[in-house]
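In: show me the folded form of this:
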Amino acid sequence: MTSERMAIGILIPANLDESPRLVPVADHRDIQEQVGGVFDVVVTKVSATPDPDDDPNAFALVAYVHDEGLLIDLPMNDRACMVFRKHLVGDVLLLSGTNPTSGEYDGDNYDVPSWFLEPVMEGVLDSRASEAHTMADTMASAVEMAISDGLFPEDQMEFIFLAMEANAEGVELPSNIRDIVDRTLTACMAYYTARKLGQIPRHDAEGERLAEQGVTDEMLAEFFDNETGGE
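Out: Numbers count the residues shown, from 1 in each chain. This is a model prediction of the structure:
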């Protein structure tokens with residue numbers, strides 16, 4: 001955040017028994033107070049229409065999350081995961097990153113538009129979370145689907161499980177290992193969500209891609225790069 005202009009954010013607690021609440025945010029200290037420490041940033045474009053690029057009311061939704069949430073085993077934030085389609089843990093602070101005057105994403109924080117804020121405060125995410133599996137079950141289903149569809153080599157998934165077990169036992173993983181684990185789980189979740197939404201067909205472990213739909217390895221790679229911030 002580049003100024004001390006006050007913005008109103010939405011805190012989404014990881015605990016589903018706690019309702020979202022509005023919090024004033026002036027600078028990075030307010031963000032740290034809400035998420036519990038040093039933070040990282042996740043951004044997604046939000047629109048009330050299927051095509052955000054053609055929606056003048058679309059905006060960049062910014063999530064501030066604890067930077068070491070996975071390391072310190074913060075609980076899954078089911079509601080934030082649904083919004084961002086990413087593996088997010090701990091309390092999450094939402095703000096708009098779109099300047100309401102210029103319509104540009106400029107690195108500052110702004111109030112979340114009322115058309116998004118009001119349903120969230122009225123519990124729309126809570127009702128969706130209660131209708132779905134718990135995110136732990138969903139993630140397990142996502143990993144199971146990724147394994148059964150041969151999305152990743154078996155040795156890579158074995159490595160991921162070993163790293164997760166070590167982390168659960170209190171072993172401090174190197175940052176590059178944490179990144180591999182997080183990116184793999186995020187890719188599993190992105191694939192699972194896309195399959196459920198009908199955005200992509202089943203990955204064929206033998207390399208046959210449902211040719212009539214024109215799905216290629218390159219298209220899948222591009223999809224995952226877009227979802228996980230890959231290079």
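In: confidence score at the residue nearest the centre of the chain?
Out: Nearest to the geometric centre of the chain sits Lys86, at 2.5 Å (CA atoms, centre = their mean). You'll see Lys86 listed with a pLDDT of 80.
In: cool, and Glu154?
Out: Looking at Glu154, the pLDDT reads 78.
In: again, but for Glu68
Out: Reported pLDDT for Glu68: 91.
In: which residues does it contact?
Out: Glu68 sits next to 37-38 when contact means CB atoms under 8 Å, 6 or more residues apart in numbering. Placement of C-beta: from N, CA and C, glycine included.
In: same deal with Leu117?
Out: Contact analysis of Leu117 by CB under 8 Å, 6+ apart lists 10, 111.
In: circling back to that earlier point, so which strand or helix has the closest residue to the residue nearest to the centre of the chain other than its chain neighbours?
Out: Closest residue to Lys86 apart from its sequence neighbours, by CB to CB, 6 or more residues apart in numbering: Thr186 at 5.5 Å. Following DSSP states H and E, one finds Thr186 within helix 175-197.
In: what about the protein, any weak spots by pLDDT?
Out: 1-4, 129-136, 168-170, 204-231 (pLDDT under 70).
In: ranges for the helices of this protein?
Out: 28-35, 78-84, 114-121, 124-131, 135-148, 154-168, 175-197, 217-228 (DSSP state H).
In: single out the most deeply packed of those helices.
Out: helix 78-84 (a mean of 22; mean count of other CB atoms under 10 Å).
In: residues in contact with that one?
Out: 12, 14, 16, 20, 42, 44, 46, 61, 63, 65, 87-88, 92, 94, 125-126, 128-129, 132, 134-135, 138, 189.
In: over to stretch 139-146?
Out: Residues contacting stretch 139-146 (CB under 8 Å, 6+ apart): 76, 87, 133, 151-152, 157, 185, 187-189, 191-193, 195.
In: I'd like to know which elements the helix holding Thr186 is packed against.
Out: helix 135-148, helix 154-168, helix 217-228 (3 or more CB pairs under 8 Å, 6 or more residues apart in numbering; DSSP states H and E).
In: what angle sits between the first one and helix 154-168?
Out: Spelled out, it's helix 135-148. 160 degrees (axes from the mean of the first three to the mean of the last three CA atoms, to 10 degrees).
In: can you dump the C-alpha coordinates of helix 135-148 into PDB?
Out: Provided in PDB are the C-alpha atoms of helix 135-148 (Å, rounded to 0.1, in the frame of the first residue of the first chain):
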ATOM      1  CA  MET A 135     -12.100 -27.800   2.000                       C
ATOM      2  CA  ALA A 136     -10.000 -30.500   3.500                       C
ATOM      3  CA  ASP A 137     -12.300 -33.100   1.800                       C
ATOM      4  CA  THR A 138     -12.300 -31.100  -1.400                       C
ATOM      5  CA  MET A 139      -8.500 -30.900  -1.400                       C
ATOM      6  CA  ALA A 140      -8.300 -34.600  -0.800                       C
ATOM      7  CA  SER A 141     -10.700 -35.200  -3.700                       C
ATOM      8  CA  ALA A 142      -8.600 -32.900  -5.900                       C
ATOM      9  CA  VAL A 143      -5.400 -34.800  -5.100                       C
ATOM     10  CA  GLU A 144      -7.100 -38.100  -5.600                       C
ATOM     11  CA  MET A 145      -8.400 -37.000  -9.000                       C
ATOM     12  CA  ALA A 146      -5.000 -35.700 -10.000                       C
ATOM     13  CA  ILE A 147      -3.500 -39.000  -9.100                       C
ATOM     14  CA  SER A 148      -6.100 -41.100 -10.800                       C
END
